[in-house]
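Engineer: build me a model:
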Amino acid sequence: MSRWATVAAVIVALLHGALAVYATRDQSVTADEILHITGGYFYNRYGDFRIHPENGVLPQRWAALPAALGQAPPPPLEHNIYWRTSDASVVAHQFFYETGHDHWPMLMAGRALIAVFAVATGILIFCWARALFGPTAGFVSLGLFALCPNHLAHGALATSDAAAVFFLLAATGAFWRQLRRPTAANLALSAVVFGLACVAKYSAVLLLPVFAVLAGWNYLSRRSEAPAGRLLPQLAISAVTHVGAATLIIWAFYGFRYTAFAPALPPADHFTAGWDRVLPMLGWQAGVIDFARSSRLLPEAFLYGYAWVVQSAQARSAYLAGDYSIHGWPSFFPLAFLWKTPLPVLASLVVGAAALALRWGRSAGKWRRDLAAVAPLLVLFVVYWAFSITSKLNIGHRHILPTYPVLFILLGGLAAPGVLPHWMRVTIPACALAGQAVANVRIAPHYLAFFNSLAGGPANGWRLLVDSSLDWGQDLPLLKRWLAENAGRDQVYLSYFGSGEPDYYGIRARRLPFVNGFKQQQPYVALAPGIYAVSATMLVDVYSPTRGPWTLNHEKEYQQLRALEPQLEAYWTSPEKRAELEREALPAQWENARARHARLQFSRLSHYLRVRRPDAVLGYSIFVFRLSAAEIHDATAGSLQEWRQSLERAAAAR
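Structural biologist: Just a heads-up that it's a prediction; the model follows:
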C-alpha cells in the first residue's frame, strides 16, 4: 500500500507541474524570466556571470540549459556598451528579440525545467505530511498544494521562486533530520541540500537563523538523554560540514573562478553598478562583504549578487491598496496573504487553530509533544514571516510562497486521528480540497491574478496589489488577439509593464511610458482618439516619479511643458526643424523635456483611467479603454478644472 501511495503521490505532483506549464503556454515572457534565462545562458555557455547575478545561479543555469544546448546565438558583444556595463535588461532584450532567433521554444523549455522543482516540492510535502500524520494526511497536504493557484502561477515560470520554495523546505527538513539522527549519511545530505539552497536564491541566508533555532531546540530537548560533551561536538562537526559543503558548491557553480567576467569575452567596466556605489548601502554588512572580496573567500559574482539584493531592498517603490511607499509596510505581506490565499485554506487554518486549542486544553502536556513533532516547520514559518514583516521589499506576494508548503503539511494533520471528531476528520479536509479545486477552476489559467472574495476577486486585484502579485507582463498574447478582433482601424496606444516585446506579437502601437524601455529612444507621442491598452502596474503608476496624488506642483510643471508641445512634436517629426531647435537647446535637453512631459501626461491620464470603467480587461492585467477626443482633451489637455470634472463624470458613469 505504501508503494502505491507513493506512486499516486508522484502522479499528482507531476500533474501539478504539467498544469503549471500548460497555464504558461499563452503567457508572454514575464518581467524576470527574460533576465534569468539570459543570465543562465551566459553562465552555461561562456562562464560569464555579469548578467543578473542577484538571483540564484542554480535555477538560472537550469532554466537556460535549452538555450545553451540549442546553440541560441548571442547578440553582438564586441563594442556593445550594454554588455560592457552589464546592463542586464538591454542585453536580455537583444538576446531574446534582436538576434533573429525565436525565443519562444527556449522559454517554454526553461519553464518546463523549472516545473521540476514544483513537482519535487509536491512530493516532499506528501512525504513529510505522511510521516507526521499518515497517508491520508499526505494526500490532503499534496492536494492543497497541487491545486493552489499561487504555486501554479509561479511553479513553471523561469525564475528562482519555485527552486527557493523547494530548497528552503528541503534544507530545513534535512537539517532537523541530521540533528535528531546524526548519521554520516544524514549529515552529508543536509550539507549538500544547504549548499544547493545557497545557489538557489539569496533568501537561503534565512536558513542560518532557522538552523540556529533548531540546533538550540534540539540541544534543550535532548540534554537530559545525551550529555553536552557529545551534543556540542556533533553540532560543531555539523556546522563545519555545512559551511564547507556550501562553500564548495558555490565555487563549483561559478566554475571555481573568482572573477565574474570571462577572460575570453569582451571586458566589462563594472557590474550593473560599481562596487563603490553598492557597498555604502549595506551598513554593517559592507565590511563583511568587502573582507570576503579582498580575501576571495567566495566568487565575486556571488558576493556582488548578495550585495545587490541587500542594497536594492533598502528602498523600492511599492504599492498597497492605493498607498505608495519606498520603504514598505509591516502589513504588506499579512494583507497579501489574506487577499491571495484561497478561502478554503484560510477557513481550514481557523478550524485547525480551534482544534489545537481544544486538544491542548484537554491535556496540558500535548502541546509540547505536538510542537516537537513539527519543530522544523514551525521554526521555518516563524523565522521567514518575521523577516517578511520587517522587509522593505514589498513588491510581490511570491516572496512568501515558501511559507505555504508549511501550512499545507500542517493542514494535512486535520485528517489525522485524534485531532478532529471522525465526521469532521473526513468532511473538513474534503471541503478544503473541493474549495481549493473550485478556486483553481474559476481563475484558470490566469493563476497569477488570483485574489479571493475577501479581496473582491481578481477583478478588484489591481486596486490592492500589482507587479508580480497580478501583472508581470504575461498577457501580451491576449492583447494581440483582442486587438485583432476589435481594434479595426483605430490607433492603438500602449503602456506596458514587463519584458515582453509588443513587436514580437505584431502589436503595432504608439508607446506611452513603459516601465522598461530597454533604453530605446522614444519619439514624442501626440495623443488622439483611439484604443489605450494599459498594464495594471502602469495604471496605478507605481514606478513613476510622479506616483501618488496629482499635486499642484505636478500641474504647474505639466502646463509649462505643454507649452513646448509644438516644438517637441516638430523636433521628432522634422529633421529641418530639429536642427533649428538644437541651436536653442542641446539634444539631451529636448529628450529630457520629452520624457518628463510624457511622464506627467501619462500620470494625469492614468488618474482619469483609474476612475473610468474599462472597455475590456484582459487576463485581469491589461486594461483597454476606447477614448474619444473629448476624453483625451479633458484628461490631458484641459485645465485643472476640466480634468477634475472629467474624473467626476467618469466616477458617476461607473
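Engineer: okay but Ala197 is in contact with Thr172, surely?
Structural biologist: No. Ala197 sits out of contact with Thr172 when judged by CB atoms under 8 Å, with a separation of 9.2 Å. The way it works is simple: take the backbone N, C-alpha and C, and place the C-beta from them, glycine included.
Engineer: in the stretch 251-400 of the chain, where is pLDDT below threshold?
Structural biologist: Within the stretch 251-400 of the chain, the stretches with pLDDT under 70 are 364-365.
Engineer: who are the contact partners of Val12?
Structural biologist: Residues near Val12 by CB atoms under 8 Å, 6 or more residues apart in numbering: Gly122, Phe126, Phe139, Leu142, Gly143, Ala146.
Engineer: which element is it on?
Structural biologist: Using DSSP states H and E, the element containing Val12 is helix 2-23.
Engineer: and Ala239, by the same measure?
Structural biologist: Using DSSP H and E, Ala239 falls in helix 228-253.
Engineer: packing partners of that helix?
Structural biologist: Applying 3 or more CB pairs under 8 Å, 6 or more residues apart in numbering; DSSP states H and E, one finds that helix 228-253 makes contact with helix 57-63, helix 161-180, helix 184-198, helix 207-222.
Engineer: any chance of these in CSV, plus distance to Ala260?
Structural biologist: Formatted as CSV, these follow (distance: least, CB to CB, whole Å):
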stretch, distance to Ala260
helix 57-63, 11
helix 161-180, 21
helix 184-198, 17
helix 207-222, 24
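Engineer: let me know which of those is the nearest to Gln601.
Structural biologist: helix 161-180 (35.4 Å; CB to CB).
Engineer: just want the angle from the closest one to helix 2-23.
Structural biologist: Calculated by axes from the mean of the first three to the mean of the last three CA atoms, to 10 degrees, helix 161-180 forms an angle of 150 degrees with helix 2-23.
Engineer: just the C-alphas of helix 161-180, formatted as CSV.
Structural biologist: Extracted C-alpha coordinates of helix 161-180, given in CSV (Å, rounded to 0.1, in the frame of the first residue of the first chain):
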residue,chain,number,x,y,z
ASP,A,161,10.9,31.2,-6.9
ALA,A,162,10.0,27.6,-7.3
ALA,A,163,13.6,26.5,-6.6
ALA,A,164,13.6,28.6,-3.4
VAL,A,165,10.4,27.1,-2.2
PHE,A,166,11.8,23.6,-2.6
PHE,A,167,15.2,24.1,-1.2
LEU,A,168,14.1,26.1,1.8
LEU,A,169,11.7,23.4,2.8
ALA,A,170,14.1,20.5,2.0
ALA,A,171,17.1,22.1,3.7
THR,A,172,15.1,22.7,6.9
GLY,A,173,13.9,19.1,7.0
ALA,A,174,17.2,17.6,6.2
PHE,A,175,19.0,19.7,8.9
TRP,A,176,16.4,18.6,11.5
ARG,A,177,16.8,15.0,10.5
GLN,A,178,20.6,15.0,10.9
LEU,A,179,20.2,16.7,14.3
ARG,A,180,17.8,14.0,15.5
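Engineer: next one: it to chain centre, how far?
Structural biologist: Offset of helix 161-180 from its chain centre (CA atoms, centre = their mean, to the nearest Å): 20 Å.
Engineer: in the protein, where is pLDDT below threshold?
Structural biologist: Scanning the chain with the threshold set as pLDDT under 70 gives 1, 223-229, 364-365, 519.
Engineer: where along it do the strands fall?
Structural biologist: Assigned by DSSP state E, the chain shows strands spanning 318-320, 323-325, 492-495, 510-511, 530-535, 616-618, 622-627.
Engineer: which residues are common contacts for Ala197 and Thr172?
Structural biologist: Each of Leu207 lies in contact with both Ala197 and Thr172 under the rule CB under 8 Å, 6+ apart.
Engineer: now for the contacts of Val12, which pair is the farthest apart?
Structural biologist: Across those, the longest distance by CB to CB is 11.0 Å; it joins Gly122 and Phe139.
Engineer: between these two, which has more neighbouring residues?
Structural biologist: A side-by-side neighbour count of Gly122 and Phe139, using other CB atoms under 10 Å, places Gly122 first with 29 against 22.
Engineer: so what's the more buried one up against?
Structural biologist: For Gly122, the contact set (CB under 8 Å, 6+ apart) comprises Ala9, Val12, Ala13, His16, Gly17, Leu142, Phe145, Ala146.
Engineer: which parts of the stretch 301-450 of the chain are helices?
Structural biologist: Here the stretch 301-450 of the chain has its helices, by DSSP state H, counting those that start in this stretch, at 332-340, 343-362, 366-373, 375-390, 404-412, 422-443.
Engineer: just want the angle from the helix ranked longest in the chain to helix 161-180.
Structural biologist: In the chain, taking DSSP state H as the definition, the longest helix is helix 104-133. Angle, helix 104-133 to helix 161-180, by the same axes, to 10 degrees: 30 degrees.
Engineer: list the residues that contact both of Gly122 and Phe139?
Structural biologist: Shared contacts of Gly122 and Phe139 (CB under 8 Å, 6+ apart): Ala9, Val12.
Engineer: how about the contacts made by the nearest residue to Met538 once chain neighbours are set aside?
Structural biologist: Nearest residue to Met538, sequence neighbours excluded (CB to CB, 6 or more residues apart in numbering): Ser495, at 4.3 Å. Counting by CB under 8 Å, 6+ apart, Ser495 touches Arg511, Leu512, Pro513, Phe514, Tyr532, Ala533, Val534, Ser535, Met538, Leu539, Phe602, Ser606.
Engineer: partners of Ser495 in the sheet?
Structural biologist: With DSSP bridges applied, the residues forming beta bridges to Ser495 are Val534.
Engineer: so how far is Ile622 from it?
Structural biologist: 10 Å (CB to CB, to the nearest Å).
Engineer: circling back to that earlier point, please state the offset of the helix holding Ala239 from the chain centre?
Structural biologist: On the basis of CA atoms, centre = their mean, helix 228-253 sits 31 Å off its chain's mean C-alpha point.
Engineer: nearest to Leu248, of the contacts of Val12?
Structural biologist: Nearest to Leu248 among those, counting by CB to CB, is Gly122 at 29.2 Å.
Engineer: nearest spatial neighbour of that closest one, chain-adjacent residues omitted?
Structural biologist: Setting aside the residues directly before and after it, Gly122 is nearest to Ala13 in space (CB to CB, 6+ apart), at 3.3 Å.
Engineer: surely the one you found and Ala146 touch.
Structural biologist: Yes. Ala13 is within contact range of Ala146, at 6.8 Å (criterion: CB under 8 Å).
Engineer: who has more neighbours, these two?
Structural biologist: Between Ala13 and Ala146, Ala146 has the larger neighbour count (other CB under 10 Å), namely 31 against 22.
Engineer: which ones are touching the more buried one?
Structural biologist: Val12, Ala13, Leu15, His16, Gly122.
Engineer: quick one: it from His16, how far?
Structural biologist: Counting by CB to CB, the gap between Ala146 and His16 amounts to 4 Å.
Engineer: and Val419, by the same measure?
Structural biologist: 26 Å.
Engineer: these two: who's more crowded?
Structural biologist: The neighbour comparison of Val419 against His16 (other CB under 10 Å) goes to His16, with 26 against 20.
Engineer: can you tell me which residues contact the more buried one?
Structural biologist: Ala118, Val119, Gly122, Phe145, Ala146, Leu147, His151, Leu152, Gly155.
Engineer: need the buried ones from those selected in PyMOL.
Structural biologist: To isolate the buried members of those in PyMOL, using 16 or more other CB atoms under 10 Å:
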select buried, resi 118+119+122+145+146+147+151+152+155
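Engineer: turn the contacts of His16 into TSV, including distance to Val617.
Structural biologist: Converted to TSV, the contacts of His16 look like this (distance: CB to CB, whole Å):
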residue	distance to Val617
Ala118	28
Val119	32
Gly122	32
Phe145	29
Ala146	28
Leu147	25
His151	24
Leu152	21
Gly155	25
